[in-house]
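Engineer: next input, structure requested:
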Amino acid sequence: MFGSIPEERILKHDWIKDSKRLGEIPADYVREITEGKADWEIPVAINRLLVDEHWDLIINVGHVVPHEVLGFANHNKNYFIGLGGKEMICASHMAAACYGIENNLGTLVTPLRHCYNKAESEYLHTLSDMYVQLVMSYNENNEFVHTGFYCGDDLDTYLLAAGQSKQENISIVPPLKKVVAVMQGDEFFSTWVANKAIYRTRKAMADGGELIIIAPGLKRFGEQDSVDAIIRKYGYSGTKNIMELWKKKKDLQELTHATAHLIHGSSEGRFTITYAPGHLSKDEIEMINFNYLDYAEALNIYNPENLRNGFNTLPSGEEIYFISTPSAGLWTTKEKSN
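Structural biologist: All right, here's what the predicted structure looks like:
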């Protein structure tokens, strides 16, 4: 992935041990910007090397796509989440979850993005940095290609890239009764990332519809053991239930980014979610409140090689909507589009 760069030159950020607290976004600001849905301060804590060492130039590179927490990914998210400390990551994710995932998705500047912009301007203004923001989309040959490149040291660099991504990576569709999505690749080994198939399609799902996620690499739920244990213990059981548990359970209070993930990953009972995992059992999938489909059976019925992005009619006569790369876009109805 990193070419000839020696591995010892690559920093492996430890989100618990490596961070330094620089300050906070006050609770009053968070309360105002989230319309009262979150009422706690967000600590500003990031990897200490970023601020304690002198850097001639920091090049911050990222692919700008719709995102469930910040509306669109990248820009200063790479500092405050990618290099963020535990307390910042936890407080941030919970604030975004309380504001509502469907209010965040596809919004250029969400409440949490406002908070990050404030944090950058107050605590990282001395950094010598440059953003390189990339946009990709499918061309007429159904190839995923670069379509935009924005370089600069300001918020406009993000806004221009996100604006283009909004035009190219958000698909307006009618309410979808059955969606088949494939989470292909080594990065989708946990529901922590594979659930992007849920996030990016939920605004398009019809009431009573079904989302089938074919995930050949799925081996676990959380990327860290502690988060994996949280997901196994509580499952994806809806905002109301998780919020009530959060008020009482110490483990959910200790790992609030995991608590937020449980909220994001629930359909709130509006549509069903079925996983066809490459490595997890039926009992494991059903334990976290998803439906299970055998992986081999899923490939037999919904072979991605025989499907095209968009509507497909199967030999059985069943109509489905197929998405080959859910993490690269956002699907929504006209009524739910921002």
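Engineer: residues of stretch 263-274 that come out buried?
Structural biologist: Neighbour-count burial for stretch 263-274, counted by 16 or more other C-beta atoms under 10 Å, picks out 263-267, 271, 273-274. Where C-beta positions appear, they are placed from N, C-alpha and C, glycine not excepted.
Engineer: check stretch 96-111 too.
Structural biologist: 96-99, 101-107, 109-111.
Engineer: ditto for stretch 222-234
Structural biologist: Quick answer for stretch 222-234 (16+ other C-beta under 10 Å): 222, 227-228, 230-231, 234.
Engineer: mind listing what the residue lying closest to K77 once chain neighbours are set aside touches?
Structural biologist: Excluding the flanking residues, the one nearest K77 by C-beta to C-beta, 6 or more residues apart in numbering is L70, at 5.4 Å. For L70, the contacting residues are 77, 96, 104, 110, 112-113, 116, by C-beta atoms under 8 Å, 6 or more residues apart in numbering.
Engineer: for those residues, give me TSV that also has distance to E32 and secondary structure.
Structural biologist: Below are those laid out as TSV (distance: C-beta to C-beta, whole Å; DSSP: H, G, I helix; E, B strand; the rest coil):
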residue	distance to E32	secondary structure
K77	21	helix
A96	16	helix
N104	17	helix
T110	14	coil
L112	13	helix
R113	15	helix
Y116	16	helix
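Engineer: ok, so of those residues, who is nearest Y321?
Structural biologist: N104 (22.7 Å; C-beta to C-beta).
Engineer: how far does stretch 5-23 stretch from one end to the other?
Structural biologist: 34 Å (C-alpha to C-alpha, to the nearest Å).
Engineer: show me how far it is from its chain's centre.
Structural biologist: In terms of C-alpha atoms, centre = their mean, to the nearest Å, the centre of stretch 5-23 is set 21 Å apart from its chain centre.
Engineer: and stretch 124-132, by the same measure?
Structural biologist: On C-alpha atoms, centre = their mean, the centre of stretch 124-132 falls 24 Å from the chain's centre.
Engineer: quick check: end-to-end length of that stretch?
Structural biologist: 17 Å.
Engineer: now do stretch 209-224
Structural biologist: First residue to last in stretch 209-224 (C-alpha to C-alpha) measures 31 Å.
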